[in-house]
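Visitor: A structural model of the following input is requested.
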Amino acid sequence: MFKLKKTLSRLTSPFALILLVAVAPFAVTQETIIHHFFAGANNGSLPGGGLAVDGNGTLYGVTEEGGDISCPYHTRGCGIVYRLTPPVEGSSGWNFTILYSFTGLSDGGVPLGNLFVDSAAGVLYGTTDLGGNANGGVVYSLTLGNPGTETVLYNFQGPEGSGPAAGVTLHNGALYGTTANGTPQHLGSLYRLVPTGSAWQEQTLYIFGDESSNGQSLSTPVFDSSGNLYGTTVGDLNGGTVYKASPPSAGGTTWTFSTIYVFKNSADGTGPGPYLNIDASGALYGSVGEGPDGHGAVFKLTPPSSGTGPWTYSLLYSFTDGQDGGGPNSGFVFDSQGNLYGTTAEGGNSLCSGVGCGVVFELTPPSSPDGAWTEKTLYAFTGNSDGAQPEYNLALQGGNLYGVTSFGDLNNSGIAFQVKP
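Guide: Residues are numbered from 1 along each chain as shown. Below is the predicted model of the structure:
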């Protein structure tokens, strides 16, 4: 089985190398556990993606296991889509609801990646790593009922790709995503699904080639204001890349694929994570699993001012695997002040077999253009009831951060948590 969390842990252009290592004192922010996961028909186990939030503050996510225990892959179930409803006045806690339990058959199995919430339509979109007509995974929609109604939008079966384990992005009515394998090169594809009446038509935008060129993409696409798409790749023969796919001009059908940055060495990092963020200026933010200090980093890519030419790389922060954390793999969320929030899967302490159980961190931008971003650890996990290895994106709602841990708790099945910055 393709395990996104396991795989993800591991055009040359001039760049501005800014090694910024300002670290604020270790913080004592408190964590609130809002749900304990465990394997079983009435719960989920091992979160397979971050939390998505709707306009009402309701959270949605997936787990790799749990739910229907007749699953052909796992004795602990084929995974679920769940909802966490915030407390109402007079109630004591969050309400956990299983919206859908996968069977591992034609409906898909082992959901992975972040969900996309279309609040206006009352629909969630997501992906499964396995299941479907050819066991190559599916893209599905799920209505927000209780329970929800699942519809398989597309079955992957090759050679267009298989294992769509990174979730999808809805843009101008179409869904965009990547597959991890299934192509002739076994490195996956970049695709889009377009609604055509009662069905969705798949269009392969790009087939990823040999690992010496652009590697394998496990990325969730992001878009700029012009409709260009961005993602990352990882490979054994290079340090990974950031790519851009531009839509066809009027009347055309072919997207233009280009590599905008190649990670080369320990100075700029290697192994970019699957999630990018984009700001109003078009700059991209992401993480690498290994940075100058060997424990990952946060970077920024600034587009050329003229619209053509090389992008400029800036290193915003390099983790030390100490109290500040190590091994970032998630995307980020920004608040209205420009502060960046994310997670690391390691560091924070010497627990969890000595590598640390991971942290929730904040990066504060500098007050001057040549200043340093300041890192502050908001919470360090212990691997006990508070969870361990927060590998996925955070959600920011009502001034609070919400996320999941992949492991930890009494059943080692993960938790959903709240941290207030």
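Visitor: drop to CA atoms for contacts and neighbour counts, all remaining ones
Guide: Fine.
Visitor: Now tell me which helix or strand of the protein has the poorest mean pLDDT.
Guide: helix 4-8 (a mean of 38; mean pLDDT, DSSP states H and E).
Visitor: List the contacts of P304.
Guide: When contacts are counted by CA atoms under 8 Å, 6 or more residues apart in numbering, P304 touches P310, W311, T312.
Visitor: tell me the contacts of the closest residue to N349 other than its chain neighbours?
Guide: Spatial nearest neighbour of N349, chain neighbours left out: G356 (4.8 Å); criterion: CA to CA, 6 or more residues apart in numbering. Taking CA under 8 Å, 6+ apart as the contact definition, G356 lies against D321, G325, E346, G347, G348, N349, S350, T382.
Visitor: which of the contacts of P304 lies closest to A134?
Guide: W311 (40.4 Å; CA to CA).
Visitor: What ranges does the stretch 201-350 of the chain have for its strands?
Guide: With DSSP state E, counting those that start in this stretch as the criterion, the stretch 201-350 of the chain has strands at 222-223, 229-233, 241-246, 256-262, 270-272, 277-278, 284-290, 297-302, 312-318, 326-328, 333-334, 340-346.
Visitor: tell me what the first one is packed against?
Guide: Taking 3 or more CA pairs under 8 Å, 6 or more residues apart in numbering; DSSP states H and E as contact, the helices and strands that strand 222-223 lies on are strand 229-233, strand 277-278.
Visitor: Please repeat the previous calculation with a cut-off of 7 Å.
Guide: strand 229-233 (3 or more CA pairs under 7 Å, 6 or more residues apart in numbering; DSSP states H and E).
Visitor: Name the residues that touch the strand it packs on?
Guide: 214-223, 240-246, 272, 274, 276 (CA atoms under 7 Å, 6 or more residues apart in numbering).
Visitor: Kindly report the same for stretch 62-80.
Guide: So stretch 62-80 is contacted by 39-49, 81-82, 98, 100-104, 109-112 (CA under 7 Å, 6+ apart).
Visitor: are any of those buried, and which?
Guide: 39-41, 43-49, 81-82, 98, 100-104, 109-112 (16 or more other CA atoms under 10 Å).
Visitor: close enough to count as contact, Y140 and T149?
Guide: No: between Y140 and T149 there is no contact under CA atoms under 7 Å: 10.1 Å.
Visitor: who has more neighbours, these two?
Guide: Each of Y140 and T149 has its neighbours counted (other CA atoms under 10 Å); Y140 has more, 21 against 13.
Visitor: Just want the phi and psi numbers for that one.
Guide: phi -130, psi 160 (degrees, to the nearest 10).
Visitor: Find the nearest non-adjacent residue to it, please.
Guide: V152 (4.4 Å).
Visitor: what about the one you found, how many residues close to it?
Guide: 20.
Visitor: again with Y341
Guide: 26.
Visitor: bridging residues for the residue nearest to it when sequence neighbours are not counted?
Guide: In space, and not counting its chain neighbours, Y341 is closest to E362: 4.6 Å by CA to CA, 6+ apart. E362 has these beta-bridge partners by DSSP bridges: Y341, K376.
Visitor: circling back: please name whichever of the strands of the stretch 201-350 of the chain is nearest to T179.
Guide: strand 229-233 (11.6 Å).
Visitor: Each with direction, which strands does the closest one pair with?
Guide: As assigned by DSSP bridges, strand 229-233 forms pairs with strand 222-223 (antiparallel), strand 241-246 (antiparallel).
Visitor: what about the first one, distance to the chain center?
Guide: In this case it means strand 222-223. Relative to the chain's own centre, strand 222-223 is displaced by 13 Å; criterion: CA atoms, centre = their mean, to the nearest Å.
Visitor: go on, the last one?
Guide: On the basis of CA atoms, centre = their mean, the separation between the geometric centre of strand 241-246 and that of its chain is 17 Å.
Visitor: Give me the angle between it and strand 256-262.
Guide: Angle, strand 241-246 to strand 256-262, by axes from the mean of the first three to the mean of the last three CA atoms, to 10 degrees: 150 degrees.
Visitor: Report the rounded mean pLDDT for strand 241-246.
Guide: Averaging pLDDT along strand 241-246 gives 95.
Visitor: list the contacts for L276?
Guide: V222, G231, L284, Y285, G286, G331.
Visitor: Residue most distant from the centroid, the protein?
Guide: G90 (34.4 Å; CA atoms, centre = their mean).
Visitor: Mind telling me what element it is part of?
Guide: G90 belongs to no helix or strand when elements are defined using DSSP states H and E.
Visitor: Could you double-check that the residue nearest to Y140 lies in contact with V139?
Guide: Yes: in this structure, V152 is within contact of V139 by CA under 7 Å, at 6.1 Å.
Visitor: circling back: of all the strands of the stretch 201-350 of the chain, which one is nearest G182?
Guide: strand 229-233 (16.0 Å).
Visitor: just how off-centre is that closest one within its chain?
Guide: Distance of strand 229-233 from the chain centroid (CA atoms, centre = their mean) equals 12 Å.
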